[in-house]
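J.: Give the three-dimensional model of this entry:
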Amino acid sequence: YSHNANSNDMMDQFGAAFSELRREILDFGAAPPAPAGEIAISRTVAAMPASATVAISDLAIELKRQGKPVISLSVGEPDFSPPPEVMEAAHEALREGKVK
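T.: Model (predicted):
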């Protein structure tokens, strides 16, 4: 490095920048510990946008709380079994390897 008077300074700056980048990568998504009784969620997960399906379901719940008549088709499972022909078609598709 004798050919460049700034070599040592440049290497120091590079080392500091590398150390900072390494710290950021290792801390990526880390969050402070959650208070007692709460679940810790990483910053990465906390920054994810809410699901549109969940948002519609939340809206339906809120409207029901307000006493408005709501038929929500957004989230949940039916309280009845599919017709036998649908069940048979599903089983046949699985037997034929149609799983994608």
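
J.: quick one, helices of the protein?
T.: Applying DSSP state H to the chain gives helices spanning 7-27, 43-46, 52-65, 84-95.

J.: Pick the most deeply packed of the ones you listed.
T.: The highest average neighbour count among these, using mean count of other CB atoms under 10 Å, belongs to helix 52-65 at a mean of 13. (Glycine included, C-beta is placed from N, CA and C.)

J.: ok now that one, how far from the chain's centre?
T.: Mean-position distance between helix 52-65 and its chain equals 19 Å (CA atoms, centre = their mean, to the nearest Å).

J.: Mind checking the pLDDT average for it?
T.: Helix 52-65 shows a mean pLDDT of 89.

J.: which residues are contacting it?
T.: Val70, Ser72, Ser74, Val75 (CB atoms under 8 Å, 6 or more residues apart in numbering).

J.: any weak-confidence spans in this protein?
T.: 1-3, 26-34 (pLDDT under 70).

J.: where's Asp79 relative to Ile41, distance?
T.: Using CB to CB, to the nearest Å, Asp79 is found at 32 Å from Ile41.

J.: With neighbour numbers in mind, choose between these two.
T.: For Asp79 versus Ile41, the count of surrounding residues by other CB atoms under 10 Å is larger for Ile41: 13 against 5.

J.: Tell me how many other residues crowd Glu38.
T.: Neighbourhood size, Glu38 [other CB under 10 Å]: 8.

J.: Just read off the phi/psi values of it.
T.: The phi/psi pair for Glu38 (degrees, to the nearest 10) reads phi -110, psi 160.

J.: what sits against it?
T.: Residues near Glu38 by CB under 8 Å, 6+ apart: none.

J.: any idea how far Ile61 is from it?
T.: With the distance defined as CB to CB, Glu38 ends up 22 Å from Ile61.

J.: ditto for Glu85
T.: 34 Å.

J.: Then Thr44?
T.: With distances taken as CB to CB, Thr44 is found 27 Å from Ile61.
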